[in-house]
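Student: sequence isn't available, so here's the structure alone:
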């Protein structure tokens, strides 16, 4: 099957799951293409595993010959259909003018994308996220005359519901990555709950073969954070937790990722007297992140609810750490407790509770055998429910039915 996946930005180092899906589609014998709405991010790294797929990655300008001419041609070909589509978009977004302007900006290129899809024989279009990727997928599918679908992750459904129900009603199916999201969407008036599909994100099976870490030695507990350095990730609370660990406890920490708060967090670490024990490593490709997981004893995901209700779904980095057989500490937010079961597959803390994070790290350091048991249980859960090979196959099957 020829399929098109739509994302907002490319490459985006925090959206590894979307790129691994595409690699899996190709491995399964499909012909996947990736369209990114915004211009190519020149300063971001393309993961090594995705390099063979770069010939099927493309975008279109917001305005320019490759966008405007197909846009005008489609208006000439089907003026009534285009007028009705325009009216639906305006009606859905007039209460949120800022979002409406963004939709208006992507409208011409989404129409051009639809014509491209029709000319290339694309059979299904999938939006990776329920916001603008789903908007572009919906418009392109209307123009191309093919089915579409989209994935509901987290912020994309919590921050705004503009046109969410309408898109879901028009979609072949809506994929959710958590039962938490399914409950939320099912409560929206008019949402077609019969078209919801629970298909998890996932990780590669190979990482579940990595040996478990040795118990902490004289250098202490090896603590890892991987992710964006932005407010909703809650890294400031992790640093506070590290400052509250017992004075005689040995530990080291690595912070992998970049973002708006990078400098502020480094300054916080210095002010807390932690700079000698923490390294800030910036954004890293998937291969370097895998090395960091192998180094670690424990991954901490200290997420909080960010501005405008922004919140995690189920972070793939948790799946990666648990797949590697590493212990995890995470906030009890959104769908996270579906993966991290407190006392069974890891430790859950309340969002923003630095004392609870410190207590979990201290307990882990004192009783590593117990931590190892939870890590092993977490790895088993990944094997059972969170393998990309299984979940990408399920998602492709939904597109192809």
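Tutor: Everything's here; your move. On a predicted model such as this, the values are computed, not experimentally measured, just so you know.
Student: for the stretch 101-250 of the chain, which segments count as helices?
Tutor: Shown for the stretch 101-250 of the chain, the helices assigned by DSSP state H, counting those that start in this stretch span residues 132-144, 155-158, 164-170, 179-186, 235-243.
Student: let me have the ones you listed in TSV, extended by mean neighbour count, distance to residue 11 and mean pLDDT.
Tutor: Quick note: C-beta positions are derived from backbone N, CA and C, even for glycine. Shown next, in TSV, are these (neighbours: other CB atoms under 10 Å; distance: least, CB to CB, whole Å; pLDDT from 0 to 100):
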stretch	mean neighbour count	distance to residue 11	mean pLDDT
helix 132-144	26	15	97
helix 155-158	21	19	88
helix 164-170	18	26	96
helix 179-186	17	25	96
helix 235-243	22	22	98
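Student: got TSV for those, with distance to residue 229 too?
Tutor: Compiled in TSV, the helices of the stretch 101-250 of the chain are given as follows (distance: least, CB to CB, whole Å):
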stretch	distance to residue 229
helix 132-144	23
helix 155-158	17
helix 164-170	29
helix 179-186	25
helix 235-243	6
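Student: in space, what's closest to residue 9 - neighbours in sequence excluded?
Tutor: Leaving aside its chain neighbours, residue 9 sits nearest to residue 38 (4.9 Å; criterion: CB to CB, 6 or more residues apart in numbering).
Student: tell me the SS of that neighbour?
Tutor: coil (DSSP: H, G, I helix; E, B strand; the rest coil).
Student: quick one: contacts of stretch 360-376?
Tutor: For stretch 360-376, contacts defined as CB atoms under 8 Å, 6 or more residues apart in numbering pick out 212, 215-216, 220-221, 223, 241-242, 245-246, 249-251, 297-298, 300, 322, 325-329, 343-347, 349.
Student: show me how to select, in PyMOL, the buried members of those residues.
Tutor: A single PyMOL command selects the buried members of the contacts of stretch 360-376 (16 or more other CB atoms under 10 Å):
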select buried, resi 216+220+221+223+241+242+245+251+297+298+300+322+325+326+327+328+329+345+346+347+349
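Student: of all the helices of the stretch 101-250 of the chain, which one is nearest residue 192?
Tutor: Nearest of the helices of the stretch 101-250 of the chain to residue 192, taken as CB to CB: helix 164-170 at 5.5 Å.
Student: now that closest one: how far from the chain's centre is it?
Tutor: In terms of CA atoms, centre = their mean, to the nearest Å, the centre of helix 164-170 is set 21 Å apart from its chain centre.
Student: with stretch 331-342 instead?
Tutor: Computed by CA atoms, centre = their mean, the chain-centroid distance of stretch 331-342 equals 16 Å.
Student: surely the residue nearest to residue 9 is in contact with residue 7?
Tutor: No: contact status for residue 38 versus residue 7: not in contact, 9.0 Å apart, counting by CB atoms under 8 Å.
Student: comparing the two, which residue is more hemmed in?
Tutor: Neighbours per residue (other CB atoms under 10 Å) separate residue 38 from residue 7, with residue 7 holding more: 25 against 14.
Student: and the more buried one, how far is that from residue 243?
Tutor: Going from residue 7 to residue 243 by CB to CB, to the nearest Å gives 38 Å.
Student: repeat that for residue 336.
Tutor: From residue 336 over to residue 243 (counting by CB to CB), the distance is 24 Å.
Student: look at the residue of the chain most remote from its centre and report its pLDDT.
Tutor: For the chain, the residue at maximal distance from the C-alpha centroid (CA atoms, centre = their mean) is residue 76, at 38.4 Å. At residue 76, the predicted lDDT confidence score is 98.
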